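1. Provided below for reference: sequence and predicted model.
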Amino acid sequence: MPQALEGSQAIARAVALCQPQVVAAYPITPQTHIVEHIASLVADGRLRCELVSVESEFSAASVVLGAACAGSRAYTATASQGILLMSEVLFNISGLRVPLVMTCANRAVSAPLSIWNDQQDSMAVRDAGWIQLYCADNQEAVDTTIQAFRIAERCELPVMVCVDGFTLTHTLEPLELPSQDMVDGFLPPYRFVRALDPLAPISMGTLVGPEYFTEVRQMHHEALLAAEKEIVAAAADWSAACGRELAPLVRADGPPEARIGILTLGSVFGTLQDARERFADTPVRLLHLRSFRPFPVEALRAACQGLSELVVLERALAPGADGIVGTEVRSALMGIDGAPRVHNFAVGLGGRDVPLSIYPRLLAAIHEPHPRMGTIDIDPRYLPPKARATGETPP
Amino acid sequence: MIEVRIHGRGGQGNVVAAYVLATAAIDQGHFAQAFPAFGAERRGAPVAAFVRLANAPIRRRCQVVNPAFVIVQDETLTASPDTLEGLRPEGAVIMNSERDGQGLSAAFACTVYAIPATRLSLEALGRPMPNMALLAAFLALTGLLPITGLKDALGLRFGGDVLARNLTLIDQVVAATPAGLWKERADAAGA
């Protein structure tokens, strides 16, 4: 029976079903509701958990790192500036191969200051060595949160569950929450084999000389690549338990004869599905890249079979370079027979609405030469006066 | 699918109204979605919230640009062209106003039903909280959901005296509203 829940509330309930022993977080829009809901579950005695109020995101990440090392299942959530303040600790968590789950309520990064949604924050830490899973809707956010704990604990890697801020976190809709039994059957109790134990002391985070460093880094890289199997297994097992179909790495939706594809990460996916129905003249395959780290090269190639044109939509910018996701997609498809041409656009930065009408513009844009990545939803009215006529942004 | 846009000012319960309406629809077995378009979050600042009601899962997450119905919690917001922008031709507006609906309809060149929701809420609740009076009028006019659904959804969020006074206010508004006056509009919008 679906319940009417705000995305944040549903994510909090999903976290509670995984029974973390330690939660630490610092409030930041649009993540705050998640931790507020967890706090009220703890206050109401519905979740037995050490809830640590900290003075910054740096401390939030440090507390959950310490907690997980000490043998507790731990969780945190943040966004935007918060994730940047955490960034040093994020590398430590993954480098120490500590399992943790964090929700990133995706938000733009300042400056210009914006509280609204894009994905610049999680993209800024894409190389932090975390698994990154992007959610297309709130049901996926619930299901992914639960899977994330199992993936993290089996791989000894932290998992970032990326959920579009406001667009998902602040949307109320009908959602299915699993029973405690269902989650318990899927997620065994947390056991960290390297947990700190005064009776068998070890050191963590020590200085590593050049003789070991390269090997440790390579092992981290391989662990991320190998995590693909656990992501697939978690989705299959959770799907069998909850009865919902889940695409673990790349979701492809659309006819096999489609020659045009559009790839997104996150909540724009559903809007594009509706837009495709409204502008139904061309068969289009929509792709949702759920797993960005590890980057699922084989699954992506399979999902792109038969496409001659692929539009990659970015919700972030790499100023001075091509698109972040587009570049990786292009590289993954490079050299395979009949690889599609990749068109790369940013859209919906800093909370700009992504309307249904973006869809025909994307389909039209593939007929024009685009040597470099660009932002497709520039509104000339908001450019400096001299640039309004041409629509070209001045340096 | 029926799309509704709520305009008000921070502190008037715009998001609560959107959430309560969507919750009522979901608990009645429909599909619904509600979300805010916050500006900077402070009392008095213009706030919009969106509700979609449907009989199938709702996939789109863009803002509502062509609402079938607009609920205006603060009449002064009509000074901004955004407030009534994009209203569908068969659509209509419920406005919190002491003025007469016919005069407002003429002034804004669309169908406006006026209800003095601030005054009614001051009388019933002791606070200027127009949201539930407007929602009650909306559901009475359109017949989209039974009023009991609205009351149940409100009961999930509030209790005690606040709930009791709001339930009385809802009954009072429903009794004074022509039931089903906009049923054809709602049917046309949902088709």
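-> That came through, no problem. Numbers count the residues shown, from 1 in each chain, chains lettered A, B, ... in the order given.

2. tell me the first helix or strand C-terminal of the longest helix seen in chain B.
-> Using DSSP state H to assign secondary structure, the helix with the most residues in chain B is helix B:160-176. Per DSSP states H and E, the first helix or strand lying C-terminal to helix B:160-176 is helix B:183-190.

3. now do the buried residues in that next one.
-> Within helix B:183-190, the residues that count as buried by 16 or more other Cβ atoms under 10 Å in any protein chain shown are B:185, B:186, B:189. Just so you know, the C-beta spots here come from the backbone N, C-alpha and C atoms, and that holds for glycine as well.

4. how about the residues of chain B by chain A?
-> Proximity of chain B to chain A, by Cβ under 8 Å from any Cβ of the partner chain, involves residues B:15, B:18-19, B:22-23, B:26-27, B:31-36, B:38, B:40-41, B:58-63, B:65, B:153.

5. ok, now with 7 Å
-> Near chain A, the residues belonging to chain B are B:19, B:22-23, B:26-27, B:31-36, B:59-63, B:65 when assessed by Cβ under 7 Å from any Cβ of the partner chain.

6. what segments of chain B are helices?
-> Ranges of helices in chain B, per DSSP H, are B:14-27, B:101-108, B:117-125, B:131-142, B:147-157, B:160-176, B:183-190.

7. make a markdown table out of these and add mean pLDDT.
-> Output for these, formatted as a markdown table (pLDDT from 0 to 100):
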| stretch | mean pLDDT |
| --- | --- |
| helix B:14-27 | 97 |
| helix B:101-108 | 96 |
| helix B:117-125 | 97 |
| helix B:131-142 | 98 |
| helix B:147-157 | 97 |
| helix B:160-176 | 97 |
| helix B:183-190 | 91 |
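
8. ok, the buried residues of helix B:183-190 vs residue A:161, which is closest?
-> residue B:189 (36.2 Å; Cβ to Cβ).

9. does residue A:247 count as helix, strand or coil?
-> Classification of residue A:247 using DSSP: H, G, I helix; E, B strand; the rest coil returns coil.

10. hang on, the earlier thing: narrow the residues of chain B next to chain A to those in strands?
-> Among the residues of chain B next to chain A, DSSP state E puts B:31, B:32, B:33, B:34, B:35, B:36 in strands.

11. what bridges to the fourth one?
-> Right, residue B:34. On the basis of DSSP bridges, residue B:34 is bridged to residue A:172, residue B:51.

12. is the helix or strand containing residue A:15 positioned near chain B?
-> Assigned by DSSP H and E, residue A:15 belongs to helix A:7-17. No. Judged by Cβ under 7 Å from any Cβ, helix A:7-17 and chain B are separated, with a smallest distance of 8.8 Å.

13. identify each buried residue in the strand or helix carrying residue A:251, please.
-> In this assignment (DSSP H and E), residue A:251 forms part of strand A:250-253. Applying a neighbour-count criterion of 16+ other Cβ under 10 Å, the buried positions in strand A:250-253 are A:250, A:251, A:252, A:253.

14. does the first one really touch residue A:298, like I thought?
-> No. Between residue A:250 and residue A:298 no contact is recorded; they are 9.6 Å apart, counting by Cβ atoms under 7 Å.

15. local confidence estimate at residue A:388?
-> Looking at residue A:388, its pLDDT is 79.

16. next one: it from residue B:160, what distance?
-> 56 Å (Cβ to Cβ, to the nearest Å).

17. with residue A:377 instead?
-> Taken as Cβ to Cβ, the span from residue A:377 to residue B:160 is 47 Å.

18. compare these two (neighbour count), which wins?
-> More crowded of residue A:377 and residue B:160, by other Cβ atoms under 10 Å in any protein chain shown: residue A:377, with 16 against 7.

19. from what I can see the more buried one touches residue A:350, true?
-> No. The pair residue A:377 and residue A:350 fails to qualify as a contact (Cβ under 7 Å) at a distance of 11.0 Å.

20. residue A:337 - how many residues pack around it?
-> For residue A:337, the neighbour count with other Cβ under 10 Å is 4.

21. pLDDT score for it?
-> Looking at residue A:337, its pLDDT is 91.

22. mind listing the shared neighbours of residue A:250 and residue A:298?
-> Among the neighbours of residue A:250, none is also in contact with residue A:298 (Cβ atoms under 7 Å, 6 or more residues apart in numbering or on different chains).

23. please enumerate the helices of chain A.
-> With DSSP H as the criterion, chain A has helices at A:7-17, A:32-43, A:57-69, A:80-95, A:120-124, A:138-155, A:180-186, A:210-242, A:268-278, A:297-303, A:324-333, A:358-365, A:385-388.

24. those: which one's closest to residue B:110?
-> Each of these has some distance to residue B:110 by Cβ to Cβ; the shortest is helix A:268-278, at 24.4 Å.

25. gap between the residue sitting furthest away from the middle of chain B and chain A?
-> Taking Cα atoms, centre = their mean, the residue of chain B most remote from its mean C-alpha position is residue B:160, at 23.3 Å. Distance from residue B:160 to chain A, counting by Cβ to the nearest Cβ, to the nearest Å: 18 Å.

26. with that, I have no additional questions.
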